[in-house]
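Enquirer: following is a predicted model, sequence given first.
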Amino acid sequence: MPEESGSRVYVPVDEALAKILADVEPVTAENVSLLDAGGRVLAADLAAKLTQPPFDASAMDGYAVRVADIAAAPARLAVIGEAAAGHGFAGTVGQGQAARIFTGAPVPAGGDAVIMQEAAREAGGVVTVLEGVPPGAHIRRRGYDFREGEIMIGAGETLNARKVMLAAAMNHGSLPVRRRPVVAVLATGDELAEPGAELLAGQIVSSVPAGLSAAIAAWGGEPSCLAIARDTRESLDAAISAARDADILVTIGGASVGAHDLVQGALEAAGARFEVMRVAMRPGKPLMSGRLGRQRVLSLPGNPVAALVCARLFLKPLLDRMLGRASDDTVDEAPLAVALAANGPRQHYMRARREHGAVTPLGDQDSSLVSVFAAADCLIVHAPHAAALDAGSVVPIIPLDF
Ligand SMILES: Nc1nc2c(c(=O)[nH]1)N[C@H]1C(S)=C(S)[C@@H](COP(=O)(O)OP(=O)(O)OC[C@H]3O[C@@H](n4cnc5c(N)ncnc54)[C@H](O)[C@@H]3O)O[C@H]1N2
Ligand code: MOO
């Protein structure tokens, strides 16, 4: 149920998220070289193009033998040839015979086990095998890892280093992945200066776009930072128009009720329709979300912590949908190291740290404090109207891994 406060209606977080994720289609696919595939999301099921290993291969340096010949070890066998990796032995190991073999080499016909060289002595073309082994010893059978046609990585899986290596072993040189959704990042406000600039009186540094861009990249999107828009309709109109090709437009600031908060009006004049306005959360209450044609629009509050907490809660799952992957459910839980006071009507995302298995909210929860946010390693999720909690109570937490 939406929560009312004065004339304002606050949408619960879950409801806001459901609206933001409604009818989101995955972006198109593109092919990338295996060397550029790390971190990308696979767009189609990937079948092995070959059987691995493609032949019975030796797992050791030693001798390919017939098990029957060495049942009563020690046994003396004539060494009739050599098989090395990349250079098999074309002959057949017959009764009373062995072939010298090296790790990775195809096991020659007739051989049904490999003896490690440490368990054999060779002299004058004869090898003495000191102990018996079972059939198949030290042989990696054809198809031991996977078989041609087997789907080994599914659409929607993120290609980490291990999966890229698997795709390479499956003999793919390039992979179909989802295009990275382009996220235009638009900071708004007359008070803002770019990081590194000389500040004029009354100015502050625009810190959010840099943090947001890093987060967007980590979440699989392609950030595209626009120049800071000023608090005029002309400036906002120009910026909104410059962002029109982006999959998502994220605005920062100017979303609240102040006379200079022009973002909503400018977006609506451009044709945007908002489905979410004001969410029952803290920080992040002034969040707005909607669509501008095909584009998704997310208007984040200007306070830096509110902006990034909202991005984590709403932009990350939106990117996951566009990338065609399931959002990982990263809500964890931990016991409180201290007591928590009862909560008000908004879901509170408290900056906190985990130590020795217990979680402690950091001292000052003001949503402007980037230093506190940087020092936190998780958010405690304190439900709306939750009663006071004693130390030791288990609370849900969202790890801050970006
Ligand atoms: N009368 C009311 N005032 C405010 C309310 C309210 O409900 N009634 N809500 C407060 C809350 S909560 C928040 S959050 C802010 C959000 O307001 P806006 O989204 O309009 O953001 P601004 O007013 O533009 O900025 C807020 C704050 O953040 C600083 N800021 C803005 N952009 C950046 C940036 N890119 N990098 C760093 N810092 C930024 C800005 O200078 C302000 O200090 O509204 C409250 N007020
Ligand atoms: O989102 Mo505001 O704190 O709730 O800063």
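Expert: Arrived safely. Ligands and ions are numbered 1, 2, ... in the order given.

Enquirer: contacts, neighbours, all on C-alpha from now
Expert: Noted.

Enquirer: centre of the chain to stretch 243-256, how far?
Expert: Centroid separation for stretch 243-256 versus its chain: 23 Å, with C-alpha atoms, centre = their mean, to the nearest Å.

Enquirer: in that stretch, which residues are buried?
Expert: By neighbour count on 16 or more other C-alpha atoms under 10 Å, the buried set for stretch 243-256 is 243, 246-256.

Enquirer: what's the answer for stretch 383-393, then?
Expert: By 16+ other C-alpha under 10 Å, the buried positions in stretch 383-393 come out as 383-384, 386, 389.

Enquirer: returning to what we had before: between the buried residues of stretch 243-256, which is nearest ligand 2?
Expert: Nearest to ligand 2 among the buried residues of stretch 243-256: Ser256, at 9.2 Å, using C-alpha to the nearest ligand atom.

Enquirer: so the closest one is in contact with Ser299, correct?
Expert: No. Taking contacts as C-alpha atoms under 8 Å, Ser256 lies outside contact range of Ser299: 10.0 Å.

Enquirer: ok, back up a step: Pro106: which of the buried residues of stretch 243-256 is nearest?
Expert: Using C-alpha to C-alpha, the shortest approach to Pro106 within the buried residues of stretch 243-256 belongs to Asp247, at 51.3 Å.

Enquirer: for the closest one, what are its contacts?
Expert: Neighbour list for Asp247: 181-184, 294-296 [criterion: C-alpha atoms under 8 Å, 6 or more residues apart in numbering].

Enquirer: now Gly132: which helix or strand?
Expert: For Gly132, there is no enclosing helix or strand under DSSP states H and E.

Enquirer: and it, how many neighbours?
Expert: For Gly132, the neighbour count with other C-alpha atoms under 10 Å is 19.

Enquirer: give me every residue in this structure lying close to ligand 1.
Expert: The chain has residues 187, 189, 205-208, 252-257, 261, 284-286, 301-304, 306 near ligand 1, with proximity defined as C-alpha under 6 Å from any ligand atom.

Enquirer: between the two ends of stretch 391-401, how far is it?
Expert: From its first residue to its last, stretch 391-401 covers 25 Å (C-alpha to C-alpha, to the nearest Å).

Enquirer: same question, stretch 351-367
Expert: End-to-end span of stretch 351-367 (C-alpha to C-alpha): 10 Å.

Enquirer: Pro54 and ligand 1, how far apart?
Expert: To ligand 1, Pro54 is 56 Å away according to C-alpha to the nearest ligand atom, to the nearest Å.

Enquirer: ugh, wrong one, Val127
Expert: Distance of Val127 to ligand 1, computed by C-alpha to the nearest ligand atom: 76 Å.

Enquirer: ok, now Gly363?
Expert: Distance, Gly363 to ligand 1, using C-alpha to the nearest ligand atom: 18 Å.

Enquirer: now swap in Ala214 and tell me
Expert: Counting by C-alpha to the nearest ligand atom, the gap from Ala214 to ligand 1 is 14 Å.

Enquirer: give me the number of residues near the residue in the stretch 101-250 of the chain positioned nearest to ligand 1?
Expert: Closest approach between the stretch 101-250 of the chain and ligand 1, counting by C-alpha to the nearest ligand atom: Ser206, at 3.4 Å. Look at Ser206: counted by other C-alpha under 10 Å, it has 21 neighbours.
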